[in-house]
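[1] coordinates only, no sequence provided:
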């Protein structure tokens, strides 16, 4: 009987020892995993996610800001792997501007994760005026930071300046702009388009843009009279920048506010040509290509005549 009790006691002790060993092994494994995770988390904290963009043609960024700062006051610049972009509406919600500078157009482009930076465009334009026209511009920001740094380098590296600007919290809704096949697309010299808009604004407040296969007609009427300007196709010119080319599926005639079109033409310095895309009852798209790096597009809703005016 005593031998059986001794045997059961030894067996029970062995089971306890086994459980303790198993528990110790589990605890050691758990602690090892915990230490590994803590090391990983510490390493992640040490790696600061950031944005760093280096644009050799810094003057392009200055021209972009000059083109949009009077149309949009505050806006978010969105940074992703694909590029540096902006989409914003004017205060009247009549016009929209969409900017894209592709990542491959920068000498150096680092964007660890998608980042949105809210900025006052007037202040940003003032800051960029401190850069020379030939300066290289670098934009740097840390993920979660409250400021952005602009670095201006002279071409021969004999002068380097850095400016820090506070970021803003801006609530903005990113609109999905659908791909559209437009009824008419007009490509013409950007300076000519700017001159037409400027000249017609001395007569009236609105312009009727009519596109046919023969050409594009700009018409306005005001208190002092009326004016019509017709630009015909001239694809045979030697310089492609001076040609007026029209692609049309059907004639289009729409009315727009001249003050907005005149604002859009501030982007003339970015491109020698402008592309006007039109369809019935849709906003016109006024597009300027930015060298080989991207584009800036302005969208303007057409003016709709009152029912009384339509009936009369």
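    Noted; the coordinates are in hand. Because the structure is predicted, anything quoted here is derived from the model rather than measured. Numbers count the residues shown, from 1 in each chain.
[2] just the helices from the stretch 1-150 of the chain, written as ranges.
    If DSSP state H, counting those that start in this stretch is used as the criterion, the helices of the stretch 1-150 of the chain fall at 2-46, 58-68, 121-128.
[3] in the shortest one, what's buried?
    This points to helix 121-128. With burial defined by 16 or more other Cβ atoms under 10 Å, the residues of helix 121-128 counted as buried are 121, 124-125, 127-128. Every C-beta, even on glycine, is put in place using the N, C-alpha and C of the backbone.
[4] mind giving me a markdown table with the residues you listed and columns for pLDDT?
    Shown next, in a markdown table, are these (pLDDT from 0 to 100):
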| residue | pLDDT |
| --- | --- |
| 121 | 96 |
| 124 | 96 |
| 125 | 95 |
| 127 | 96 |
| 128 | 96 |
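[5] now those residues in CSV, with distance to residue 100?
    Shown next, in CSV, are the buried residues of helix 121-128 (distance: Cβ to Cβ, whole Å):
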residue, distance to residue 100
121, 16
124, 17
125, 19
127, 22
128, 18
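[6] of those, closest to residue 304?
    residue 121 (29.5 Å; Cβ to Cβ).
[7] residue contacts, the closest residue to that closest one other than its chain neighbours?
    Excluding the flanking residues, the one nearest residue 121 by Cβ to Cβ, 6 or more residues apart in numbering is residue 69, at 4.3 Å. Under the criterion of Cβ atoms under 8 Å, 6 or more residues apart in numbering, the contact list for residue 69 reads 121-122, 124-125.
[8] try it again with 10 Å
    75, 120-126, 128, 266 (Cβ atoms under 10 Å, 6 or more residues apart in numbering).
[9] kindly report the domain assignment for the chain.
    Taking automatic domain parsing as the domain assignment, the ranges for the chain are 50-166, 184-311.
[10] need those domains in CSV with distance to residue 178, can you?
    Listed next are the domains of the chain as CSV, based on distance: least, Cβ to Cβ, whole Å:
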stretch, distance to residue 178
domain 50-166, 13
domain 184-311, 10
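[11] so which of the ones you listed gets nearest residue 172?
    Nearest to residue 172 among these is domain 50-166 (5.4 Å), distances taken as Cβ to Cβ.
[12] need phi/psi at residue 264.
    Note on residue 264: backbone dihedrals following degrees, to the nearest 10 are phi -60, psi -30.
[13] next, count neighbours for it.
    Counted with other Cβ atoms under 10 Å, the neighbours of residue 264 add up to 27.
[14] excluding its backbone neighbours, what's nearest it?
    For residue 264, ignoring the flanking residues on the chain, the nearest one in space by Cβ to Cβ, 6+ apart is residue 298 at 4.3 Å.
[15] surely residue 271 is in contact with residue 292?
    No - no contact is recorded between residue 271 and residue 292 when judged using Cβ atoms under 10 Å, the distance being 11.4 Å.
[16] more neighbours, these two?
    Neighbour comparison, residue 271 and residue 292: the larger count goes to residue 271, with 19 against 9 (by other Cβ under 10 Å).
[17] now do that one against residue 110, distance only.
    28 Å (Cβ to Cβ, to the nearest Å).
[18] same question, residue 126
    26 Å.
[19] kindly report the same for residue 81.
    Taking Cβ to Cβ as the measure, residue 81 and residue 110 are separated by 10 Å.
[20] same check, this time on residue 301
    38 Å.
[21] so which of the two has more stuff around it?
    The residue with the greater number of neighbours, taking residue 301 and residue 110 and applying other Cβ under 10 Å, is residue 301; the counts read 18 against 14.
[22] what about the stretch 151-300 of the chain, any weak spots by pLDDT?
    Under the criterion pLDDT under 70, the flagged ranges of the stretch 151-300 of the chain are 173, 236-237.
[23] where exactly do the helices run in it?
    Secondary structure of the stretch 151-300 of the chain, counting by DSSP H, counting those that start in this stretch: helices at 190-200, 258-264.
[24] I'd like to know which elements the longest one is packed against.
    Applying 3 or more Cβ pairs under 10 Å, 6 or more residues apart in numbering; DSSP states H and E, one finds that helix 190-200 contacts strand 184-189, strand 206-211, strand 215-222, strand 225-232, helix 258-264, strand 273-278, strand 284-290.
[25] ok, 8 Å please
    For helix 190-200, the elements it packs on are strand 215-222, strand 225-232, helix 258-264, strand 273-278, judged by 3 or more Cβ pairs under 8 Å, 6 or more residues apart in numbering; DSSP states H and E.
[26] can you say which of these is packed in most?
    strand 273-278 (a mean of 22; mean count of other Cβ atoms under 10 Å).
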